[in-house]
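S.K.: next input, structure requested:
(one chain, ligands or ions: 1)
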Amino acid sequence: MLPDSNIPSGALEQKWSSYRSTMKVVAPANKRKFQIIIIGTGLAGASAAASLAELGYQVKSFCIQDSPRRAHSVAAQGGINAAKNYQNDADTTWRLFYDTIKGGDYRSREANVYRLAEVSVNIIDQCVAQGVPFAREYGGLLANRSFGGVQVSRTFYARGQTGQQLLLGAYSAMMRQVVSGQIELYPNREMLDLVVIDGKARGIVCRDLYNGTIESYAADAVVLATGGYANVFYLSTNGMNSNVTASWRCYKRGAYFSNPCYTQIHPTCIPVSGDYQSKLTLMSESLRNDGRIWVPKKPGDKRPPNEIPESERDYYLERRYPTFANLVPRDVASRAAKAVCDEGRGAGETGLSVYLDFSDTIARVGEDFLRDKYGNLFDMYERITGEDPYRVPMRIYPASHYVMGGLWVDYNLMSSMPGLFVLGEANFSDHGANRLGASALMQGLADGYFIIPYTLGTYLAGAELRNTSADSTEFKETEANIKNRIDTLLAIKGNKTPVDFHRELGKVMWNDVGMARNKSGLEHALAEIPKLREEFWQNLTLGGDDSHFNKNLELAGRVADFLELGELIARDALGREESCGAHFREEHQSPDGEAIRDDKNFSYVSAWEYNGDDAAPTLNKEALNHEFVKPTQRSYK
Ligand SMILES: Cc1cc2nc3c(=O)[nH]c(=O)nc-3n(C[C@H](O)[C@H](O)[C@H](O)COP(=O)(O)OP(=O)(O)OC[C@H]3O[C@@H](n4cnc5c(N)ncnc54)[C@H](O)[C@@H]3O)c2cc1C
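M.R.: Here you go, the predicted structure:
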């Protein structure tokens with residue numbers, strides 16, 4: 001059964017502050033008695049580690065990469081939202097809250113989202129104090145730009161490297177605590193299981209990726225900040241190491257998995273160029289501030305873009321959505337791009353791309369303006385495609401990018417497993433069925449800097465935790481299971497690599513569970529994925545052994561988990577007989593191709609409960625209570 005979501009009562013604006021005033025706390029001298037494990041050193045994990053250690057807790061921090069600074073957050077380009085209203089354009093906490101609720105197509109919890117908007121302003125102050133070099137206006141005030149789905153400028157940025165700069169800030173704060181002995185760092189470690197004692201999360205078992213040693217660590221609470229699972233689509237904009245393994249193993253230990261089918265396809269990525277590509281590259285949404293998106297009006301028009309006259313171009317977003325135009329939210333922009341390409345009007349050889357054209361901006365304010373704002377993105381585009389976007393329009397196409405789904409958490413960010421907290425992209429908490437641009441960094445840092453420091457304390461202050469250690473039977477049994485699984489993988493000796501299986505899974509996911517979904521496609525996926533999974537366990541090949549660095553072995557474990565998750569995503573999508581946000585069921589659309597929600601039957605968060613490998617999972621439903629914003633038809637016209 002789904003636990004209480006623990007949303008405080010009272011006025012929306014007062015919930016968080018009155019809750020903080022009355023919650024249980026751990027006295028300063030007692031904090032050092034508690035051991036906290038944090039998995040992940042992206043923005044969510046690094047900010048949590050720094051904040052909890054600063055409070056006095058004993059923290060152990062784990063990540064896959066050889067340095068915490070290499071977490072996937074480093075790739076974030078465009079910016080981070082905050083309701084500072086520096087632009088004097090009528091931004092408020094309420095407006096950020098409202099935009100996020102509407103952007104998520106009324107499928108998120110109001111109380112969580114309001115708190116996010118509320119603490120957004122503190123994040124910017126915190127980062128500035130750390131020395132994050134946000135772009136500034138001439139007068140010295142921090143600069144802002146706009147992202148999709150909003151009509152104000154509230155996005156703070158550091159050129160096209162916002163994630164990197166924010167991560168350096170969080171990393172510095174974390175390293176201060178490493179030096180002072182409050183944090184122990186464990187890089188090159190992959191968490192492979194959660195250890196549950198008396199129904200509570202009490203530790204982890206992980207593998208040293210350099211020498212294969214299986215290690216156990218006990219703690220009083222475990223904080224998961226392991227990022228998103230967009231790589232289930234194989235080709236995505238995510239870092240190659242992004243995966244679902246930590247979340248998935250927690251799901252199999254009893255934590256519920258929410259809204260797995262809410263996966264975000266980003267409209268502005270460099271198009272796929274060949275069968276053996278392993279990665280897609282994002283061109284930040286911020287470019288839509290200054291670029292105009294178009295395709296030829298005539299199907300099959302293969303003239304170079306500069307030879308197509310103005311009168312023969314279709315600026316389809318400006319035409320269909322005059323109010324938000326090129327800055328419609330991602331789900332809307334992605335579907336619109338797919339629609340024009342499906343009509344045969346796509347650009348480039350494959351016909352699977354649209355133009356993002358900067359010529360009007362160059363004519364108006366000159367190239368240097370673009371160079372200042374997005375120089376590194378333009379350089380990156382040119383290096384990958386060989387085309388100069390200052391002269392020729394960029395070609396872009398939607399790609400898998402982010403996931404709104406993740407482990408279920410209550411208002412305290414605690415999962416359905418007591419003692420297991422989930423932060424950042426790994427939880428489902430704030431973005432409903434579609435995330436607005438520049439809101440993931442905001443959420444990760446809100447979770448790590450401003451929410452978990454309070455809510456973890458209230459759990460520890462009330463929890464009854466018996467003494468345990470990494471030598472206890474529960475840890476030893478978990479270690480044995482992991483060794484057994486690794487031996488099984490190595491012993492298969494088949495013909496296909498983990499990447500072969502991953503690529504095949506990705507094709508099924510993209511074709512049947514991607515930008516547009518329908519009943520027969522989803523049923524096809526539900527039939528294909530188990531077959532692929534069965535083949536995986538019979539026909540996998542891995543070189544090397546388990547006592548050295550073995551990338552294929554690492555990947556095999558992650559692909560095995562993706563092969564299970566893919567099925568849950570399809571199951572969730574099949575059951576949700578409505579279109580909402582990024583979940584677009586072709587059966588539920590208006591004559592002009594807009595999503596049609598069914599609030600009467602589907603205004604809930606799905607929370608899937610694992611029942612064993614051979615049994616179907618149980619669907620629990622958390623009803624969404626829209627007390628403050630009445631759901632209406634989401635329109636950007
Ligand atoms: C190209 C790109 C650009 C983006 N730009 C923006 C932007 O401009 N603005 C915005 O708001 N959002 C942006 N996003 C989204 C945003 O970057 C992510 O949602 C966010 O950084 C996720 O942060 P996180 O801390 O939750 O996880 P991550 O940064 O993904 O970190 C995950 C951490 O968990 C560790 N980990 C994972 N599994 C394990 C395991 N089993 N064992 C041990 N460690 C593990 C990893 O090593 C890593 O340290 C972008 C995303 C992409 C792909």
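S.K.: show me what contacts the spatially closest residue to Lys200 that is not a sequence neighbour?
M.R.: Nearest non-adjacent residue to Lys200, counting by C-beta to C-beta, 6 or more residues apart in numbering: Gly419, 4.1 Å away. In short, each C-beta sits where N, CA and C put it, glycine included. Neighbour list for Gly419: Lys200, Ala201, Arg202, Asp220, Ala221, Val222, Tyr459, Ala463, Leu465 [criterion: C-beta atoms under 8 Å, 6 or more residues apart in numbering].
S.K.: and if you look at Val223?
M.R.: By C-beta under 8 Å, 6+ apart, the residues touching Val223 are Ile36, Ile37, Ile38, Ile39, Gly45, Ala48, Leu52, Phe421, Val422, Leu423, Ile452, Leu456.
S.K.: write a ChimeraX command that selects only the buried members of those.
M.R.: The ChimeraX selection below is limited to those of the contacts of Val223 classed as buried (16 or more other C-beta atoms under 10 Å):
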select :36,37,38,39,45,48,52,421,422,423,452,456
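S.K.: follow-up on the earlier one: would you mind measuring from the residue nearest to Lys200 to Asn412?
M.R.: 11 Å (C-beta to C-beta, to the nearest Å).
S.K.: with Gly566 instead?
M.R.: 30 Å.
S.K.: how about the strands of the stretch 201-350 of the chain, start to end?
M.R.: 214-218, 221-224, 257-258, 263-269, 292-296, 313-314 (DSSP state E, counting those that start in this stretch).
S.K.: again with the stretch 501-637 of the chain
M.R.: Ranges of strands in the stretch 501-637 of the chain, per DSSP E, counting those that start in this stretch, are 604-609, 618-623.
S.K.: and among the ones you listed, the most buried is which?
M.R.: Most buried of the strands of the stretch 501-637 of the chain by mean neighbour count (mean count of other C-beta atoms under 10 Å) is strand 604-609; its value is a mean of 21.
S.K.: show me what that strand is in contact with.
M.R.: Taking contacts as C-beta under 8 Å, 6+ apart, the residues outside strand 604-609 that touch it are 2, 107, 109, 251, 254, 256-260, 408, 416, 428, 568, 571-572, 575-576, 617-624.
S.K.: stretch 577-586 too?
M.R.: Against stretch 577-586 from outside (C-beta under 8 Å, 6+ apart): 103-107, 261-265, 330-331, 334-335, 404, 432-434, 515-519, 573, 576, 587-589, 595-598, 601-602.
S.K.: can you redo the strands of the stretch 501-637 of the chain as TSV with distance to the ligand and mean pLDDT?
M.R.: Below are those laid out as TSV (distance: least, C-beta to the nearest ligand atom, whole Å; pLDDT from 0 to 100):
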stretch	distance to the ligand	mean pLDDT
strand 604-609	19	98
strand 618-623	22	98
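S.K.: let's have those strands in JSON lines, adding distance to Glu285.
M.R.: Below are the strands of the stretch 501-637 of the chain laid out as JSON lines (distance: least, C-beta to C-beta, whole Å):
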{"stretch": "strand 604-609", "distance to Glu285": "26"}
{"stretch": "strand 618-623", "distance to Glu285": "30"}
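S.K.: so which of these comes closest to Glu535?
M.R.: Closest to Glu535 of the strands of the stretch 501-637 of the chain, according to C-beta to C-beta: strand 604-609, at 24.5 Å.
S.K.: what's the angle between the closest one and strand 618-623?
M.R.: Inter-element angle recorded for strand 604-609 and strand 618-623: 150 degrees (by axes from the mean of the first three to the mean of the last three C-alpha atoms, to 10 degrees).
S.K.: coming back round to it: who has more neighbours out of Gly566 and Asn412?
M.R.: Legend: neighbour count by other C-beta atoms under 10 Å for Gly566 and Asn412, higher for Gly566 (28 against 18).
S.K.: next one: the more buried one from the ligand, what distance?
M.R.: 18 Å (C-beta to the nearest ligand atom, to the nearest Å).
S.K.: so what's that residue up against?
M.R.: Contacts of Gly566 by C-beta under 8 Å, 6+ apart are Val232, Leu505, Val508, Met509, Val513, Ala525, Ile529.
S.K.: 10 Å instead?
M.R.: Each residue near Gly566 by C-beta atoms under 10 Å, 6 or more residues apart in numbering is listed here: 229, 232-233, 244, 260, 505-506, 508-509, 512-513, 525-526, 528-530, 532-533.
S.K.: and the residue of the stretch 351-500 of the chain closest to the ligand?
M.R.: At 2.4 Å from the ligand, Gly424 is the closest residue in the stretch 351-500 of the chain, using C-beta to the nearest ligand atom.
S.K.: with adjacent residues omitted, what lies nearest to that residue?
M.R.: Distances taken as C-beta to C-beta, 6+ apart place Ala44 nearest to Gly424, at 2.7 Å, with adjacent residues excluded.
S.K.: secondary structure element holding that neighbour?
M.R.: Here Ala44, judged by DSSP states H and E, is contained in helix 43-55.
S.K.: restricting to C-alpha, output that helix in PDB.
M.R.: Presented in PDB, the C-alpha positions along helix 43-55 are these (Å, rounded to 0.1, in the frame of the first residue of the first chain):
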ATOM      1  CA  LEU A  43      24.000  18.500  -8.500                       C
ATOM      2  CA  ALA A  44      21.600  16.800  -6.300                       C
ATOM      3  CA  GLY A  45      24.100  14.400  -4.600                       C
ATOM      4  CA  ALA A  46      27.000  16.900  -4.300                       C
ATOM      5  CA  SER A  47      24.700  19.600  -2.800                       C
ATOM      6  CA  ALA A  48      23.200  17.100  -0.400                       C
ATOM      7  CA  ALA A  49      26.600  15.800   0.700                       C
ATOM      8  CA  ALA A  50      27.900  19.300   1.300                       C
ATOM      9  CA  SER A  51      24.900  20.500   3.200                       C
ATOM     10  CA  LEU A  52      24.500  17.400   5.400                       C
ATOM     11  CA  ALA A  53      28.200  17.300   6.200                       C
ATOM     12  CA  GLU A  54      28.100  21.000   7.000                       C
ATOM     13  CA  LEU A  55      25.400  20.200   9.500                       C
END
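S.K.: state the mean pLDDT of that helix.
M.R.: The pLDDT scores in helix 43-55 average 98.
S.K.: likewise stretch 133-149?
M.R.: Per-residue scores along stretch 133-149 average to 92.
S.K.: and the ligand, is that stretch touching that?
M.R.: No: taking C-beta under 6 Å from any ligand atom as the criterion, stretch 133-149 and the ligand are apart, separated by no less than 8.0 Å.
S.K.: ends of that stretch, how far apart?
M.R.: With C-alpha to C-alpha, to the nearest Å as the measure, stretch 133-149 spans 26 Å from end to end.
S.K.: and stretch 135-151, by the same measure?
M.R.: In stretch 135-151, first residue to last residue: 20 Å (C-alpha to C-alpha).
S.K.: report the buried residues of that stretch.
M.R.: Of the residues in stretch 135-151, Ala135, Leu142, Ala143, Asn144, Arg145, Ser146, Phe147, Gly148, Gly149, Val150 count as buried by neighbour count, 16+ other C-beta under 10 Å.
S.K.: and the fifth one, its phi and psi?
M.R.: Taking degrees, to the nearest 10, you get phi -130, psi 180 for the backbone angles of Arg145.
S.K.: surely it and Ala135 touch.
M.R.: Yes: using C-beta atoms under 10 Å, Arg145 makes contact with Ala135 at a distance of 8.5 Å.
S.K.: list residues touching both of these two?
M.R.: In contact with both Arg145 and Ala135: Gly79, Phe156, Tyr157, Lys373, using C-beta under 10 Å, 6+ apart.
S.K.: so which of those residues wins on neighbours?
M.R.: Gly79 (31 neighbours).
S.K.: my guess is Lys23 contacts Pro453. True?
M.R.: If you look again at residue 23, you'll see it is Met, not Lys. No: if you go by C-beta under 10 Å, Met23 and Pro453 don't touch, sitting 11.5 Å apart.
S.K.: shared neighbours of the two, anything?
M.R.: By C-beta under 10 Å, 6+ apart, no residue touches both Met23 and Pro453.
S.K.: domains in the chain, by residue range?
M.R.: Listed domain ranges for the chain are 266-400, 473-623 (source: automatic domain parsing).
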